[in-house]
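Asks: model the following, please.
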Amino acid sequence: MEKEREKDFEFEDEISLPVTSYWKDVVRRFCKNRIAVLGLILLTIIVVLCAGAPLFTRYDPVMDMDLMNMLTPPGDREHPLGTDDLGRDIWCRLLYGGRSSLLTGLSVAAFAAVIGVTIGLYSGYFGGIVESLLMRFTDIMLSFPFLIVAIAIMSVLGSSQKNIIMTLAITSWPRFARLTRGQVLSVKNMEYVESARVAGFKDVRILFRHVLPNCIGPLIIQGTLAVGSAILSAASLNYLGLGADAAAPDWGMMLSQGKNYLQLAPYLTTIPGIAISITVLSMNWIGDGLRDAFDPKMRK
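Replies: Numbering: from 1, shown residues only. Down below sits the predicted model:
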């Protein structure tokens, strides 16, 4: 009887052991990376400030001009970060400009992911002549310098924030396509995929229920890096005057407008430049943390 009770206790202990899922392991490994957590905290603060811009400033980024206080340096009671050449509050324009930059980065990453993942899934799973044509077209897209392609597209479509998003999405999807294809090639011959084929499941169901979920880790990492890259690229295009309206608040446009006052008021370019750097750096830190979390073998 005592032996049976001991066996029962051992069985209960085995049942009560916590079962850690794959995603819980990913979160746990990510939280151990202090740099990645710092990047997430910084990005969260930036998103909260920009999303709730009306709560943190009482000025309008375009209409509120104070011509009596133009180029006020930082430290003023009314304008903590100073004013620009038209007397507009820099703090206000920084917050509303962050909205535009973050929205651009997220939109570009989303559109590029949809296009690239679709092409990569089809190419890697079905193969054949269609795969060869799609991959050669992808190689051609990757061979062109980004700035040349962007300037060519913007010259045809015109200068606007929507066209910037479209341009950056067109130039960003090949990376998602090649990454997805490589992941699909390593997954499609696994036993669980073969079992799904034997069970008679359709290819679409196999792709989206069995193949894609097992490729999602690297795609999430690529997505975070794509957001930071898109923010930086959009700022470059706006700096060149190929993007948003000159009056619209945008970090790249603020850089462009401040370049004429580098000696008189260097803060006009320094402040938005720091905002762009912190945002992109935090996205890169998060991407590196996710890389280590999804693949612990890559951790040094």
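Asks: tell me which other helices or strands the helix or strand hosting S277 touches.
Replies: Following DSSP states H and E, one finds S277 within helix 267-294. If you count contacts as 3 or more C-beta pairs under 8 Å, 6 or more residues apart in numbering; DSSP states H and E, helix 267-294 packs onto helix 22-32, helix 34-51, helix 90-126, helix 216-239, helix 251-258. All C-beta spots, glycine's among them, are computed from the backbone N, C-alpha and C.
Asks: orientation of that helix relative to helix 22-32 in degrees?
Replies: Calculated by axes from the mean of the first three to the mean of the last three C-alpha atoms, to 10 degrees, helix 267-294 forms an angle of 130 degrees with helix 22-32.
Asks: quick one: closest of the helices and strands packed on helix 267-294 to A177.
Replies: Set against A177 and scored by C-beta to C-beta, these come closest in helix 90-126, at 4.1 Å.
Asks: buried sites along that closest one?
Replies: 90-102, 104-109, 111-113, 115-117, 119-125 (16 or more other C-beta atoms under 10 Å).
Asks: how about stretch 209-224?
Replies: Counting neighbours by 16+ other C-beta under 10 Å, one finds that the buried residues in stretch 209-224 are 210-212, 215, 217-224.
Asks: and for stretch 183-197?
Replies: 183-184, 187-188, 193, 196.
Asks: and those residues, which is closest to A235?
Replies: Nearest to A235 among the buried residues of stretch 183-197, with distances taken as C-beta to C-beta, is Q183, at 30.5 Å.
Asks: hang on, isn't that closest one packed against I221?
Replies: No. Under the criterion of C-beta atoms under 8 Å, Q183 makes no contact with I221, lying 11.4 Å away.
Asks: the residue positioned nearest the centre of the chain: what's its closest spatial neighbour, skipping adjacent residues?
Replies: Nearest to the mean C-alpha position of the chain, by C-alpha atoms, centre = their mean, lies V227 at 2.1 Å. Spatially, and ignoring its direct neighbours in sequence, V227 is nearest to G105 (4.1 Å; C-beta to C-beta, 6 or more residues apart in numbering).
Asks: outside of stretch 196-215 itself, list whatever touches it.
Replies: Stretch 196-215 is contacted from outside by 117, 121, 125-126, 180, 183-184, 187-188, 190, 192-193, using C-beta atoms under 8 Å, 6 or more residues apart in numbering.
Asks: average pLDDT for it?
Replies: Per-region confidence: stretch 196-215 scores 83 on mean pLDDT.
Asks: for that stretch, measure first residue to last.
Replies: End-to-end distance for stretch 196-215, by C-alpha to C-alpha, to the nearest Å: 17 Å.
Asks: just the closest of the buried residues of stretch 183-197 to G287, please.
Replies: Q183 (16.5 Å).
Asks: tell me how far the residue nearest to V227 lies from F30.
Replies: 21 Å (C-beta to C-beta, to the nearest Å).
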